[in-house]
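Enquirer: A structural model of the following input is requested.
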Amino acid sequence: MSKDLQAVWQEINDDIREEEVYRLGMATVADVRSDDKGLATKAIQDFHSLVKSSIRTLYAGWPSITKYNLRSQLLKQGHIESANVDKAIDVALCLWPGIDCTATEHDKWKRWPDHDTAYDFVMTRRFDDPADGEVDDSIARFPPKFRAARLHDISGIHIEQTYYLDQHLRFNEDTRTLMLFMDFQWLHDMLERTSAEYPAKSSVVATKPTAPQPPAAASTAQVCTCTQQWRPVADPKVDRTTALAALYEETLRSVDVLFPAWDSQTMDFVAAYQENGKPVPWFNLQDLGAQKQQSLRKFRYWRARFNELIIEFESPPKDLKRIWKDRRNPMAYWTFWLGLVIAASTLTFGLTSAVLAGLQLGRTPIPP
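Expert: Alright, predicted model coming up:
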């Protein structure tokens, strides 16, 4: 792509930022196949306008609008090509409410069926929204010191970033990776906008959490003096209109659990990533709350994935390096290593005694 077209893409992406729906590059979806810069630029801008119209119409019709109705409304606005309209709808879903709709022939389940409502496709299919009374209460609370740093050190789980909200907290046991949604500013923006859109029905209330305490003096990480951002808090038991606000707020709280701003070990963990050249844009103390304890019962959409992580976290470490770092139970930890030292000492003493006995036997003269 030429520099001129790259500049156009940048301008479009900047415009999308102003609309607060900016997390997907249009270059991957516009499908412009022309050497004429003017024609290509016009096609890109037209598609950009179509995406924005799709988002506005989807947002206005949430939660009951179907894909068929959304397509019909866009076609009435003068967007002639149905294929481009369908592609724009997929991009709109990627941008708001933030799910992965980049479907291929191998994953057609990502596509929005024509007669499914937006709520059914987004909330029911992607976020496993449980009905009242079906929430799993087998694990009622988070175990002590359950955080990303411990998941990495003890369970060998590596953190990866995702731009799609429906992939948040998805754990891959084969690759030992945990996906985390990284765009906190987008979550704050959409939470405030969605909460303000439905004030009559929304149970979202404004709160201002207290500022986090700085890490311990012994920590090698830099002390952050950021102030906390204002964050609405949503009731998880909401109707379909306000479900997205509850989802956004719950996602922010889920990151609070894994990256507590008051924890010095978390600060060291983030500092180590940055020193090794691994950016951690998902971690920003300015976005995190200061709650030292959260109940697992207060999570609705992410509880099932948290349960999976807790089971993995409480499993015994699989190698000596992980065992050395696992100090969740100090008595068991020191008992294990003391027993290991005693066993090694006993083995060493036994081998030494056997060798010395053999040498002594070899030096003893044989009687005639």
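Enquirer: alpha carbons only for contacts and neighbour counts from here, please
Expert: Fine.
Enquirer: and Phe306, helix, strand or coil?
Expert: With DSSP: H, G, I helix; E, B strand; the rest coil as the basis, the three-state label of Phe306 is helix.
Enquirer: how much space between Lys76 and Leu70?
Expert: Lys76 sits 10 Å away from Leu70 when distances are taken as C-alpha to C-alpha, to the nearest Å.
Enquirer: more neighbours: these two, which one.
Expert: Neighbour count, other C-alpha atoms under 10 Å: between Lys76 and Leu70, Leu70 has more, with 20 against 9.
Enquirer: residues contacting that one?
Expert: Leu70 sits next to 54, 57-58 when contact means C-alpha atoms under 8 Å, 6 or more residues apart in numbering.
Enquirer: how about Phe121?
Expert: 112-113.
Enquirer: at 7 Å instead, please
Expert: Trp112 (C-alpha atoms under 7 Å, 6 or more residues apart in numbering).
Enquirer: same deal with Phe269?
Expert: Going by C-alpha under 7 Å, 6+ apart, Phe269 touches Ala149.
Enquirer: buried ones in the helix or strand where it lies, by neighbour count?
Expert: Assigned by DSSP states H and E, Phe269 falls within helix 264-275. Within helix 264-275, the residues that count as buried by 16 or more other C-alpha atoms under 10 Å are 264-271.
Enquirer: narrow the contacts of Leu70 to those in helices?
Expert: 54, 57-58 (DSSP state H).
Enquirer: closest one of the residues you listed to Ala354?
Expert: Relative to Ala354, the closest of these is Leu58; by C-alpha to C-alpha it sits at 81.0 Å.
Enquirer: that closest one and Ser72: what is the separation?
Expert: Leu58 is 12 Å from Ser72, by C-alpha to C-alpha.
Enquirer: these two: which is more packed in?
Expert: Neighbours were counted for Leu58 and for Ser72 using other C-alpha under 10 Å; Leu58 has more, 24 against 14.
Enquirer: show me what contacts that one?
Expert: Leu58 touches Leu70, counting by C-alpha under 7 Å, 6+ apart.
Enquirer: now do 10 Å
Expert: The contact partners of Leu58, by C-alpha atoms under 10 Å, 6 or more residues apart in numbering, come to 52, 64-67, 69-71, 89, 92-93, 96-97, 118.
Enquirer: now Asp114
Expert: Taking C-alpha under 10 Å, 6+ apart as the test, what Asp114 contacts is 66-71.
Enquirer: give the residue spans of the stretch 51-200 of the chain that score low on pLDDT.
Expert: In the predicted model, the stretch 51-200 of the chain carries pLDDT under 70 at residues 79-81, 102-109, 128-139, 195-200.
Enquirer: can you give me the strands in it?
Expert: 158-162, 171-172, 177-181 (DSSP state E, counting those that start in this stretch).
Enquirer: in a markdown table: those strands, plus distance to Gly358 and mean neighbour count.
Expert: Below are the strands of the stretch 51-200 of the chain laid out as a markdown table (distance: least, C-alpha to C-alpha, whole Å; neighbours: other C-alpha atoms under 10 Å):
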| stretch | distance to Gly358 | mean neighbour count |
| --- | --- | --- |
| strand 158-162 | 51 | 17 |
| strand 171-172 | 55 | 16 |
| strand 177-181 | 53 | 21 |
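Enquirer: nearest to Ala140, of the ones you listed?
Expert: Of the strands of the stretch 51-200 of the chain, nearest to Ala140 by C-alpha to C-alpha is strand 171-172, at 20.1 Å.
Enquirer: strand partners (parallel or antiparallel) of that closest one?
Expert: Here strand 171-172 has these sheet partners by DSSP bridges: strand 177-181 (antiparallel).
Enquirer: who's in contact with the partner strand?
Expert: 98, 148, 151-152, 156-172, 187, 251-252, 254-255, 282, 309.
Enquirer: same thing but 8 Å
Expert: Contacts of strand 177-181 (C-alpha under 8 Å, 6+ apart): 157-165, 167-172, 282.
Enquirer: what is the nearest of those to Arg297?
Expert: Nearest to Arg297 among those: Leu169, at 16.7 Å, using C-alpha to C-alpha.
Enquirer: OK, contacts around the closest one?
Expert: 178-181, 302, 305-306.
Enquirer: ok, those vs Phe313, which is closest?
Expert: For the contacts of Leu169, the residue nearest Phe313 by C-alpha to C-alpha is Phe306; the value is 10.2 Å.
Enquirer: run through the residues that contact the closest one.
Expert: Phe306 touches Leu169, counting by C-alpha under 8 Å, 6+ apart.
Enquirer: all helices for the stretch 1-150 of the chain, in order.
Expert: 3-18, 37-61, 67-76, 82-95, 118-119, 125-126, 148-153 (DSSP state H, counting those that start in this stretch).
Enquirer: rewinding a little: for the strands of the stretch 51-200 of the chain, which one sits closest to Thr348?
Expert: For Thr348, the closest of these is strand 158-162, at 38.0 Å, according to C-alpha to C-alpha.
Enquirer: tell me the angle the closest one makes with strand 177-181.
Expert: With axes from the mean of the first three to the mean of the last three C-alpha atoms, to 10 degrees defining the directions, strand 158-162 sits at 40 degrees from strand 177-181.
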